[in-house]
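With the sequence up front, the predicted model follows.
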Amino acid sequence: MTWNAGIRQFHRWTSIIFTATVAANFVTMSFGEPPAWVTYSPLPPLFVLLLSGLYMFALPYFGRRRRAAA
């Protein structure tokens, strides 16, 4: 597996974790006021998704620049 394919796979699995934490957040909110750790649990996967998504977004632009310089 190449580096880029590994980042894409990691991004996919992190998105599943993020979706599960958001769903758990809504479920616990239906029972009343959730604890703070449940409310803020989607934030770490969201931050990881931001970083990996920005990396994947920038890949084509850096590839073009490298090909143009060669």
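Ah, there it is.

Tell me the secondary structure at the spatially most central residue of the chain.
Note on the chain: the residue nearest the mean C-alpha position is residue 49, at 1.8 Å, using CA atoms, centre = their mean. Three-state secondary structure (criterion: DSSP: H, G, I helix; E, B strand; the rest coil) places residue 49 in helix.

What pLDDT does the model give it?
You'll see residue 49 listed with a pLDDT of 98.

Kindly report the same for residue 67.
For residue 67, pLDDT reads 65.

give me the number of residues near residue 14?
Neighbouring residues of residue 14 were enumerated by other CB atoms under 10 Å; the total is 19. Quick note: C-beta positions are derived from backbone N, CA and C, even for glycine.

Confirm for me that residue 38 is in contact with residue 28.
Yes. Using CB atoms under 8 Å as the test, residue 38 is close enough to residue 28 to be in contact (5.1 Å).

Stretch 39-48: which residues count as buried?
Taking 16 or more other CB atoms under 10 Å as the neighbour-count basis, stretch 39-48 is seen to contain the buried residues 41-42, 45, 48.

Equivalent analysis for stretch 10-25, please.
Going by 16+ other CB under 10 Å, stretch 10-25 has these buried residues: 11, 14-15, 17-18, 21.

Closest one of these to residue 62?
Minimum separation from residue 62 among these (CB to CB) is found for residue 11, which lies at 17.2 Å.

Could you double-check that the closest one lies in contact with residue 53?
Yes. Taking contacts as CB under 8 Å, residue 11 lies within contact range of residue 53: 6.6 Å.

and the helix or strand of the chain with the lowest mean pLDDT, what does it pack onto?
Within the chain, no helix or strand scores below helix 43-69, which has a mean of 87 by mean pLDDT, DSSP states H and E. Packing contacts for helix 43-69, counted by 3 or more CB pairs under 8 Å, 6 or more residues apart in numbering; DSSP states H and E, involve helix 3-30.

looking only at pLDDT, what's the mean for the helix it packs on?
In this model, helix 3-30 has an average pLDDT of 95.

With only the CA atoms kept, save the next helix or strand after that helix in CSV.
Remark: after helix 3-30, the chain's next helix or strand is helix 36-39, criterion DSSP states H and E. The C-alpha coordinates for helix 36-39 follow below in CSV (Å, rounded to 0.1, in the frame of the first residue of the first chain):
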residue,chain,number,x,y,z
ALA,A,36,-19.0,17.0,28.7
TRP,A,37,-16.8,14.2,27.4
VAL,A,38,-19.7,12.9,25.2
THR,A,39,-20.4,16.4,23.9
